[in-house]
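Participant: What shape does this take:
(chains A and B)
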Amino acid sequence: MSTAASSSTSETIAEPGLKIKVSTKEGEVFELDEKVAKMSQVIRGILEDLGEQNGGDDSVLPLTQVETRIFRKILVWLKYHAGHDKEEAPKAEEDEIIARFCEEIPEWDQKFLNVDQAVILEIMLAADYLDIKKLRGLCCKTVANILKTKTVEQIREMYGIENDFTPEEEEEIRKQTAWCEDEPPRQGSNH
Amino acid sequence: MDPYLYNEELQKDLAGRNPVHIFELPYLLLDDIFSHLGFIERTINRRVCRTWREGYLDEGPSTLFINRIHLIKRGIDKRHYVFLPLLVRQALSRAKILIVDFEGRSEKEVPLKATEDSFWNLSKHGHIRQAISDQTTIRQVMVLNANQLQIKHSRISFWLEELGYGTAPQSNNMIYSLINCNYVFDMSEGYDVPAFFKSLYPPSFRWLRVRLPRLDYNSDETYSREIPHILDLVAYQKLWPYPIEQIYWLQKCLGIWDDGQRPDIGAKMMQDRIKNGLESYEPAPPYRPIFIHIFVVLASYLERYRQTCTDNAFTPPPYDIPLCKVHYTSPVCHCLADCSPYYAAFQEDDGPELQRLICESLELRHGWGRFRALSLPDRLW
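Facilitator: Reported below is the predicted structural model:
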């Protein structure tokens, strides 16, 4: 298996341009192209702050909330999108809203997130921490798409969620959704 | 770059770990997940647990997305709808934008009848119009992918009125947008279409479908009764995108055409209608949009005749009428986008769909057969 991201000790391919060093929760150091690193608004912010303070090139930016195994995966996404995303004007708010509901997740990203949902949640948390808006949105949409395909009972089972409604409450809610939801197999079967 | 890279390792890694639970997500992240759900999915997921219901789903989103309308059950007991108005109100309580997606991305994807009936159930039993009227945050209503908006029956007018257009007190400050919608002109009875034009289409051909670019309008500029008319104008501009001089030219040509010759294109009758239309709709639109497709067909036919049959006294039109060499019996097809700036808008259209309609009627356009063997000058191509 090839390594999309390498720690500083094993990085062998030197690419032109400024390199940014970051360290994960476990202290592992990664060296990133500036363009890739700055896709994280958090890293971008730190770099700007360091720049103002004449921070040296040897600085290692600590990403204390991100585990190495997740950061390595995120780096795959960052490198791909740094190379493939077109430089285009940001979408208007309205276009973004329509895209949120109507656009399908691109094939590459679907494959990227073809992992257990628990991993998606970890990537989502890391993307949120690193402020990578697009990746965060992709993760949210992926989870939402999973929810759309499941029944209430399947969702409870999938997440281990306890049905904390009383039978009366559940019956009441069920009445409220009768116009769009199929009848349950058995009434009050979840208690 | 391989998108699957590290997927296996991460999967294996899960075995020895305590996986992140969805409840461990920060509020904003879980809220963001739910914000991708439509109205029906949000409604159903309220039943998962108390936290989801009370913490996230009882309160409406800032953008309410209504889709999968066809899933709304039809023919169920009316008492099942008793809670719907409350759910609609809750869902709209914080909404700034309401999006209704009819999901008519292709004709067969969602049966029109099912969508219409379901939307009717939703709007009628959910009192959507009243809910929109009663809340003040909403500023935009978008209708997406509405397939087969019919001019004749003004269904778009009905739908928009159900969404508060022209009736909600605050609608003066709202924008209504039609996005990726198309129109259908009814070619069947009810339209007084001359026999000649009917013969251009096969007997089963009842509709002329045109996908329109996006429309935005504010309801203080119009009144609900005018909606079909305004939409007609847009359709008119799309199909007949010429300045007024072009219609004068058409009128003049019809004056020259001898109805005694074949085919009878109803020139005299059309002349009268254009005249009446011009009088009643001056200055714009200059004629009843109901005749748009007839004008288009007539002009295209006369221009082909003028160019290929030398025994005529027609003057050239003031604005070039593009004639497709491939679809030689077609008044309008997507190819026109490449050869005329007037039809540039067709580049945005659903090409295969329009192309298919044109081709279906190819062999049945009797009056155009004579053009088959004649070649057109290249200048229009």
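
Participant: Touching the helix or strand hosting B:Cys253 from outside, list them.
Facilitator: Taking DSSP states H and E as the definition, B:Cys253 sits inside helix B:244-256. Outside helix B:244-256, the residues that touch it by C-beta atoms under 8 Å, 6 or more residues apart in numbering or on different chains are B:240, B:265, B:267-268, B:270-271, B:274-275, B:278, B:286-287, B:295, B:298-299, B:302, B:306, B:312-315, B:317-319, B:321. In short, each C-beta sits where N, CA and C put it, glycine included.

Participant: Near chain A, list only the ones from those residues.
Facilitator: When C-beta under 8 Å from any C-beta of the partner chain is applied, no member of the contacts of helix B:244-256 is adjacent to chain A.

Participant: Now, those residues that are in helices?
Facilitator: Among these, the members falling in helices (DSSP state H) are B:267-268, B:270-271, B:274-275, B:278, B:295, B:298-299, B:302, B:306.

Participant: Could you find the lowest-pLDDT member of these?
Facilitator: Within these, B:Leu278 has the lowest pLDDT, namely 61.

Participant: about what we covered before: pull out the buried positions in the helix holding B:Cys253.
Facilitator: B:246-247, B:249-251, B:253-254 (16 or more other C-beta atoms under 10 Å in any protein chain shown).

Participant: Pull the residues that contact stretch A:74-87.
Facilitator: For stretch A:74-87, contacts defined as C-beta under 8 Å, 6+ apart pick out A:4-5, A:30, A:32-33, A:35-37, A:39-40, A:66, A:108-109, A:112, A:123, A:126-127, A:130, A:132, A:134-135, B:1-3, B:5-6.

Participant: 7 Å instead?
Facilitator: Applying C-beta atoms under 7 Å, 6 or more residues apart in numbering or on different chains, the contact partners of stretch A:74-87 are A:4-5, A:30, A:35-36, A:39, A:108, A:112, A:123, A:126-127, A:135, B:1, B:5-6.

Participant: Name the nearest residue to the residue nearest the centre of chain A, ignoring sequence neighbours.
Facilitator: For chain A, the residue nearest the mean C-alpha position is A:Met124 (3.1 Å; C-alpha atoms, centre = their mean). Among residues not flanking A:Met124 along the chain, A:Cys139 sits closest, at 3.6 Å (C-beta to C-beta, 6 or more residues apart in numbering or on different chains).

Participant: Show me what the one helix or strand that neighbour maps to is packed against.
Facilitator: Assigned by DSSP H and E, A:Cys139 falls within helix A:133-148. When contacts are defined as 3 or more C-beta pairs under 7 Å, 6 or more residues apart in numbering or on different chains; DSSP states H and E, helix A:133-148 packs onto helix A:117-130, helix B:27-34, helix B:39-45.

Participant: These into CSV, with extra columns for distance to A:Glu87 and mean pLDDT?
Facilitator: CSV is the format used below for these (distance: least, C-beta to C-beta, whole Å; pLDDT from 0 to 100):
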stretch, distance to A:Glu87, mean pLDDT
helix A:117-130, 21, 95
helix B:27-34, 26, 95
helix B:39-45, 35, 94
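
Participant: Looking at those, spot the one closest to B:Asp258.
Facilitator: helix B:39-45 (60.7 Å; C-beta to C-beta).

Participant: Mind giving me the packing neighbours of the closest one?
Facilitator: Counting contacts by 3+ C-beta pairs under 7 Å, 6+ apart, helix B:39-45 is packed against helix A:133-148, strand B:63-66, helix B:84-92.

Participant: Partner strands of the following helix or strand past the last one and their direction?
Facilitator: By that I understand helix B:84-92. Toward the C-terminal end, the helix or strand that comes next after helix B:84-92 (DSSP H and E) is strand B:97-101. Partner strands for strand B:97-101, per DSSP bridges, with pairing direction: strand B:63-66 (parallel), strand B:140-144 (parallel).
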